[in-house]
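In: take a look and give me a structure for this.
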Amino acid sequence: MKYWILIFTALLLGWLGTASQMSADTDPNLHEPGQPHVARLSVQGAIGPAVTDYLLRAMQKAQEQGARAVVIQMDTPGGLDAATRDIIKAILASPLPVMTYVYPSGGRAASAGTYILYASHIAAMAPATTLGAATPIQIGGGQAPGQPPGQPSPSTPSDPDASGERDQSSTPQPATAMERKIINDAVAFIRGLADRHDRNADWAEAAVREAVSLTAAEALEQQVVDIVAIDLADLLQQADGREVQMERDRLVLVLSDLPVVAYDPDWRNEILAFITNPQFAYILLLMGIYGLILEGYNPGAMVPGVVGVISLLLALYALQLLPVNYAGLALIVVGSLLIVAEAMLPSFGILGMGGVVALVFGSVMLFDTDVPGLTVPTELIAAIGVVSALLMLGVVLAISKSLRIASTAIEQAMVGRIARVTDIAGEKVEVKVDGELWAATSHEPLQPGQLVQIVAQNGLRLEVKSALAPDSSDLDSSDLDSSDLNSSDLER
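Out: Numbers count the residues shown, from 1 in each chain. Got it, this is the predicted structure:
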């Protein structure tokens, strides 16, 4: 076990060293403080607590290092509502102009990414990128609210009528009061962002209500974004000289000839992203539960308890940052306990099967979101379910095998065993068997160190005879206590 701990520690230190080296290659600390520059931040994947922490700290660091603007290169399928709103608040209150750039080609700013794009002072896209589908995903689940299952979402918003308003009769309506509240809140939020930066508010509403999307060229044509740029240098060139709305006043961007400094995630953010990954948080949770249970059944083992406590604390930290369904969490805990209870209270598989079912259903329900990248893969859940089922089956088979073994009365458990005489005081004889000292009697003269066979057991007193008696040839060598024998005894 200690070798595995050393290997794991070495791999962790190596990984941290690599992460630190990667960050040092473009560390803003290497840039002379106070020198004007453009800070480049990068968001790849789902927007969660780790992304929020990274962006907020990097924007603050960029301001302290003398940046004149911040560029967020983004390629995201969406993210959590709370994390998205924290990022938007930071952008709106930022003293530096923030340009969100959907990059590279083939990338997207879906769902939460659309809100961030609308909140930015400059909204830009690379060719062959997309944005939109901003319906709250826990309500829509990939379908526009009120839309019949299987019907594809429209790719463009409803045509406005003569008064400039969209035809509301053709817009799918939320089915419940709660859905209407969430949708209307999202609509008001994104329309407010659109009005702040003079962008297309009607299309923004359609992106929420109808889950529509646009390509980069279409977004530029419909005044959803400000710039379509082939790379970062092209973006800075086109943005130079533009006037943007800051929190209190308007600002003219001066970006020509400014160097670009990358503010990559540091080791702290890398670890946070690793821990708050739903897949890893799920595994940590199971490791914590099983570790504590194994330590309870094997007091003093230390390793299961230490690993269990650390894993459980890390899992709880991650779960409080993620959208967790507590009914699913309770099912996982109950399922794990039922599987272990099968070994303690044999039910011939009833408790174990119930535990596996509870564990699988709890795993499916654990994370209360359908955001890509923020769920536990079905393959992982299936693997955990299969391993748990095999574990339960092994326990049942082991219990069944033990029940078929012929039982021996406890008062006769020592009969037939081989012991060694350790001391003789008159009629009192002391023998050692399996490392234990027993009081014994014998009808034969014995010598210290002599091997004897136990022929009867009366409570805590044994009756023995010489193992070299005429019938000693019938003894089974498996009865010998190897810890008390040496090679000379075996030769005799």
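
In: quick check: next helix or strand after the longest helix seen in the chain?
Out: Once the chain is assigned using DSSP state H, the helix that runs over the most residues is helix 378-404. The element immediately downstream of helix 378-404 (helix or strand, assigned by DSSP states H and E) is strand 418-425.

In: that next one - what's its average pLDDT?
Out: For strand 418-425, mean pLDDT rounds to 87.

In: pull the number of nearby residues for the residue lying closest to Ala124 once chain neighbours are set aside.
Out: Once flanking residues are discounted, Ala124 sits nearest to Ile227: 4.1 Å by CB to CB, 6 or more residues apart in numbering. Where you see a C-beta, it was placed from the backbone N, CA and C, and this is true even at glycine. Neighbourhood size, Ile227 [other CB atoms under 10 Å]: 20.

In: with Ala110 instead?
Out: 24.

In: phi, psi of it?
Out: phi -90, psi 160 (degrees, to the nearest 10).

In: hang on, the earlier thing: elements contacting the longest helix of the chain?
Out: The contact analysis (3 or more CB pairs under 8 Å, 6 or more residues apart in numbering; DSSP states H and E) places helix 378-404 against helix 278-297, helix 326-344, helix 350-365.

In: now the ones you listed as JSON lines including distance to Ala134 and mean neighbour count?
Out: JSON lines is the format used below for the helices and strands packed on helix 378-404 (distance: least, CB to CB, whole Å; neighbours: other CB atoms under 10 Å):
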{"stretch": "helix 278-297", "distance to Ala134": "22", "mean neighbour count": "19"}
{"stretch": "helix 326-344", "distance to Ala134": "27", "mean neighbour count": "18"}
{"stretch": "helix 350-365", "distance to Ala134": "26", "mean neighbour count": "20"}
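
In: turn the ones you listed into a markdown table, including distance to Ala207 and mean pLDDT.
Out: Formatted as a markdown table, the helices and strands packed on helix 378-404 follow (distance: least, CB to CB, whole Å; pLDDT from 0 to 100):
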| stretch | distance to Ala207 | mean pLDDT |
| --- | --- | --- |
| helix 278-297 | 26 | 84 |
| helix 326-344 | 30 | 83 |
| helix 350-365 | 29 | 85 |
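
In: go through those and name the closest to Lys432.
Out: Lys432 lies closest, by CB to CB, to one member of the helices and strands packed on helix 378-404: helix 278-297, at 30.2 Å.

In: contact partners of whichever helix or strand comes after the closest one?
Out: Downstream of helix 278-297, the next assigned helix or strand under DSSP H and E is helix 303-319. With contacts defined as CB atoms under 8 Å, 6 or more residues apart in numbering, helix 303-319 is touched by 1, 275-277, 280-281, 284-285, 287-295, 298, 329.

In: kindly recompute the last result at 6 Å.
Out: Met1, Ile275, Thr276, Ala281, Leu284, Leu285, Met287, Gly288, Gly291, Leu292, Leu294, Glu295 (CB atoms under 6 Å, 6 or more residues apart in numbering).

In: and of these, the nearest to Ile183?
Out: For these, the nearest to Ile183 is Thr276 (27.6 Å; CB to CB).

In: low pLDDT regions in the stretch 51-200 of the chain?
Out: 137-175 (pLDDT under 70).

In: got the residue ranges for the helices in it?
Out: In the stretch 51-200 of the chain, the helices defined using DSSP state H, counting those that start in this stretch lie at 81-93, 112-119, 137-140, 177-196.

In: so which residues make contact with the second one?
Out: Around helix 112-119, the neighbours that count as contacts under CB under 6 Å, 6+ apart are 47, 74, 76, 78-79, 84, 87-88, 91, 100, 109, 123, 131-132, 134, 190, 193-194, 207.

In: what's the closest of the helices and strands packed on helix 378-404 to Thr52?
Out: With CB to CB, the closest approach to Thr52 among the helices and strands packed on helix 378-404 belongs to helix 278-297: 15.7 Å.

In: quick check: angle from the closest one to helix 378-404?
Out: Angle, helix 278-297 to helix 378-404, by axes from the mean of the first three to the mean of the last three CA atoms, to 10 degrees: 20 degrees.

In: what's helix 278-297 packed up against?
Out: The helices and strands touching helix 278-297, judged by 3 or more CB pairs under 6 Å, 6 or more residues apart in numbering; DSSP states H and E, are helix 303-319.

In: could I get the helix it packs on in CSV with only the CA atoms?
Out: Coordinates of each C-alpha in helix 303-319 appear next as CSV, following Å, rounded to 0.1, in the frame of the first residue of the first chain:
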residue,chain,number,x,y,z
VAL,A,303,-5.6,3.8,5.2
PRO,A,304,-9.4,3.4,4.4
GLY,A,305,-10.3,5.9,7.1
VAL,A,306,-7.8,8.5,6.0
VAL,A,307,-8.6,8.1,2.3
GLY,A,308,-12.3,8.1,3.1
VAL,A,309,-12.3,11.3,5.2
ILE,A,310,-10.2,13.2,2.6
SER,A,311,-12.3,12.0,-0.3
LEU,A,312,-15.6,12.8,1.4
LEU,A,313,-14.5,16.3,2.4
LEU,A,314,-13.4,17.0,-1.2
ALA,A,315,-16.6,15.6,-2.5
LEU,A,316,-18.8,17.7,-0.2
TYR,A,317,-16.8,20.8,-1.2
ALA,A,318,-17.4,20.0,-4.9
LEU,A,319,-21.1,19.1,-4.4
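
In: give me the distance from stretch 320-338 to the chain's centre.
Out: 13 Å (CA atoms, centre = their mean, to the nearest Å).

In: residues contacting Phe367?
Out: Pro278, Thr375.

In: so it versus Thr276, what's the distance?
Out: 11 Å (CB to CB, to the nearest Å).

In: before we move on, what about Ala358?
Out: For Ala358 relative to Thr276 (CB to CB), the value is 25 Å.

In: one step back: deepest-packed of the helices of the stretch 51-200 of the chain, please.
Out: Mean neighbours per residue, mean count of other CB atoms under 10 Å, is largest over the helices of the stretch 51-200 of the chain for helix 112-119, with a mean of 27.

In: and that one with helix 81-93, angle?
Out: 20 degrees.

In: isn't Val212 up against Ala206?
Out: Yes. Counting by CB atoms under 6 Å, Val212 touches Ala206, with 5.0 Å between them.

In: buried residues in stretch 269-279?
Out: Neighbour-count burial for stretch 269-279, with 16 or more other CB atoms under 10 Å as criterion, is recorded at Asn269, Glu270, Ile271, Leu272, Ala273, Ile275, Thr276, Asn277, Pro278.

In: so where does the second one fall, helix or strand?
Out: Remark: Glu270 resides in helix 267-275, with elements defined by DSSP H and E.

In: other SSEs contacting that helix?
Out: In terms of contacts (3+ CB pairs under 6 Å, 6+ apart), helix 267-275 is packed against helix 2-24, helix 49-64.

In: if we go to 7 Å?
Out: Counting by 3 or more CB pairs under 7 Å, 6 or more residues apart in numbering; DSSP states H and E, the packing neighbours recorded for helix 267-275 are helix 2-24, helix 49-64, helix 303-319.

In: hang on, the earlier thing: residues contacting the residue nearest to Ala124?
Out: Ile122, Ala124, Leu235, Gln238, Ala239 (CB atoms under 7 Å, 6 or more residues apart in numbering).
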